[in-house]
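K.L.:
okay, sequence plus prediction incoming.
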Amino acid sequence: MRALAAYASDPAASRGRLHPERSDAVRGPRDAFQRDRDRIIHSVPFRRLRHKTQVFVAPDGDHFRVRLTHSLEVAQIGRAIARALGLNEDLTEALCLAHDIGHPPFGHAGEDALQLAMADCGGFDHNAHTIRLLTRLETPYPAFPGLNLSWESLEGLAKHNGPLTGPLPWALAEADEEFPLDLASWPSLEAQVAAIADDIAYDNHDIDDGLRAGLFTLAELLEVPIVARGWAAVRARYPDVEEARLVPELVRDRIGLMVNDVIAETGARLSAAAIGTAADVRAAGRALTGFSASLAGEERVLRRFLHARMYNAPAVTAVRTEAQKVIAALAAAFRADPSRLPPEWRPDGLDPLAARRRIGDFIAGMTDRYAVRIHEALVGPVRLPEGF
């Protein structure tokens, strides 16, 4: 077994799980974080990610990324960084795989619509819903609700983007009251790596999907300095290969560049802050994982390009608008007549606040195609523009 760095999360020192588990039910020689990762992989919400939007809503093309493939790519990048830094790879992988598990149908467009639909009952936040899903709603075990993940996994999912010091989303506040997650401190290095791996994955893989979808041309993309520099290097290595075959090489090179930068920058920050233990990481008062200052500036330029030319492209926006109408209509239909919900989801006997939140839980768990199908059955046809 590979030795962990002193500042890595140690499964033997885990703060444990909320619900005690029978020792005779342990299946296989796995530590706490390996079990967390496996519980996520085998869960129904994880399987549903294959039909949930990444950028394109119910994409026509089989080669575009969805939430599941994105999560797998994040896990690969996160694990590579964790290994180089001597961190716990299994915890890192678990956090990468589950980081988007609370997304509703239609990605961020669906989240915005569900937030509006649930405004009178606390709103909706996909990160908070991830915790709610994994601690309450998913119930594959007979002895307790949720997946009963370790404290470190729940902490990392709750605050992988940093401390939470303001008013908490209601779903996260409920979970934190039951199993306090020290939300005001920085999370583990494994959680910080999962967050930056997410950025690296979508920065680069969205280049591939955007070109494939025709939302921008290679010539337009090369106006971004970090991409232009990488393209020049790729062309110099393969001067006789057609451009289309070199785009994957460009993407791989940019991922490698960012991964190596994060490893070097993280090492420098750890050294400068004299980090010696996992407790030091949480008490550091700042992010210890991230891009160097120079690369961070270049990455922001790339992200602005992708926002302008891809995420907010007219063709993508048109689909997003229609998708939001689907979520709004479903919420209205179920509120008007809760008997339209499946029997196991009907809020019989619940107070009005809990009943409205239960409707939100049901909608959030839908895949894109299931949401469309239910809308067509209860409300009417869905007119999603073709393509994205």
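P.N.:
It's in. Numbers count the residues shown, from 1 in each chain.
K.L.:
can we go C-alpha only for contacts and neighbour counts from here?
P.N.:
Will do.
K.L.:
is it true that residue 11 touches residue 36?
P.N.:
No - here residue 11 lies out of contact with residue 36, judged by Cα atoms under 8 Å, at a distance of 10.6 Å.
K.L.:
can you pick out the residue with more neighbours from these two?
P.N.:
A count of neighbours by other Cα atoms under 10 Å puts residue 36 above the other of residue 11 and residue 36, at 23 against 17.
K.L.:
host element of the residue nearest to residue 224 when sequence neighbours are not counted?
P.N.:
Distances taken as Cα to Cα, 6 or more residues apart in numbering put residue 302 closest to residue 224, at 6.1 Å, once the chain neighbours are dropped. Secondary-structure assignment from DSSP states H and E places residue 302 in helix 293-306.
K.L.:
list the buried residues for that helix?
P.N.:
The neighbour-count check on helix 293-306 (16 or more other Cα atoms under 10 Å) flags 295, 299, 302-303, 305-306 as buried.
K.L.:
closest to residue 330 among these?
P.N.:
Of all these, the one sitting nearest residue 330 is residue 306; the distance, using Cα to Cα, is 30.6 Å.
K.L.:
distance of that closest one from residue 55?
P.N.:
11 Å (Cα to Cα, to the nearest Å).
K.L.:
and residue 283, by the same measure?
P.N.:
Distance of residue 283 to residue 55, given as Cα to Cα: 36 Å.
K.L.:
so these two - more neighbours on which side?
P.N.:
For residue 283 versus residue 55, the count of surrounding residues by other Cα under 10 Å is larger for residue 55: 24 against 13.
K.L.:
wait, doesn't that one sit right on residue 110?
P.N.:
No - with contact defined as Cα under 8 Å, residue 55 does not count as touching residue 110 (11.5 Å).
K.L.:
could you pull out the helices in the stretch 201-350 of the chain for me?
P.N.:
Counting by DSSP state H, counting those that start in this stretch, the stretch 201-350 of the chain forms helices over residues 218-221, 225-237, 243-272, 278-282, 293-306, 314-336, given from the N-terminal end onward.
K.L.:
quick one: closest of those helices to residue 187.
P.N.:
Here helix 278-282 is closest among the helices of the stretch 201-350 of the chain (Cα to Cα), at 5.6 Å.
K.L.:
number of nearby residues for the closest residue to residue 98 other than its chain neighbours?
P.N.:
Of all residues beyond its chain neighbours, the one nearest residue 98 is residue 40 (6.6 Å), with distances taken as Cα to Cα, 6+ apart. Using other Cα under 10 Å as the criterion, residue 40 is surrounded by 20 other residues.
K.L.:
do the same with the one 5 residues further on
P.N.:
Here the count is done by other Cα under 10 Å, and residue 45 has 23 residues near it.
K.L.:
so it sits against residue 365, correct?
P.N.:
Yes - using Cα under 8 Å, residue 45 is in contact with residue 365, at 7.4 Å.
K.L.:
quick check: angle from the helix holding residue 302 to helix 243-272?
P.N.:
When axes from the mean of the first three to the mean of the last three Cα atoms, to 10 degrees is applied, the directions of helix 293-306 and helix 243-272 differ by 140 degrees.
K.L.:
contacts for helix 293-306, please.
P.N.:
Surrounding helix 293-306, the residues in contact under the criterion Cα atoms under 8 Å, 6 or more residues apart in numbering are 203, 206-207, 221, 224-226, 258, 261.
K.L.:
tabulate the residues you listed (TSV), appending neighbour count, pLDDT and distance to residue 132.
P.N.:
Rendered in TSV, the data for the contacts of helix 293-306 read as follows (neighbours: other Cα atoms under 10 Å; pLDDT from 0 to 100; distance: Cα to Cα, whole Å):
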residue	neighbour count	pLDDT	distance to residue 132
203	20	93	28
206	21	90	29
207	24	92	32
221	19	96	39
224	17	97	39
225	14	96	41
226	18	96	39
258	24	98	32
261	18	98	34
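K.L.:
nearest the geometric middle of this protein, what residue?
P.N.:
In the chain, the centroid-proximal residue (Cα atoms, centre = their mean) is residue 100; its distance is 2.8 Å.
K.L.:
buried stuff in stretch 262-279?
P.N.:
Neighbour counts using 16+ other Cα under 10 Å place 262-267, 269-270, 275, 278 of stretch 262-279 among the buried residues.
K.L.:
swap in stretch 124-143?
P.N.:
Within stretch 124-143, the residues that qualify as buried are 124-135, 137-139, counting by 16+ other Cα under 10 Å.
K.L.:
one more: stretch 174-192?
P.N.:
If you call a residue buried by 16+ other Cα under 10 Å, then stretch 174-192 has these buried ones: 175-176, 179, 181, 183, 185-192.
K.L.:
let me know the closest of the residues you listed to residue 89.
P.N.:
The nearest one, if we look at those relative to residue 89 and count by Cα to Cα, is residue 190, at 7.8 Å.
K.L.:
next, give phi and psi for residue 383.
P.N.:
Dihedral pair for residue 383: phi -110, psi 70, per degrees, to the nearest 10.
K.L.:
find the nearest non-adjacent residue to residue 339, please.
P.N.:
Nearest in space to residue 339, with sequence neighbours left out and distances taken as Cα to Cα, 6+ apart, is residue 346 at 6.4 Å.
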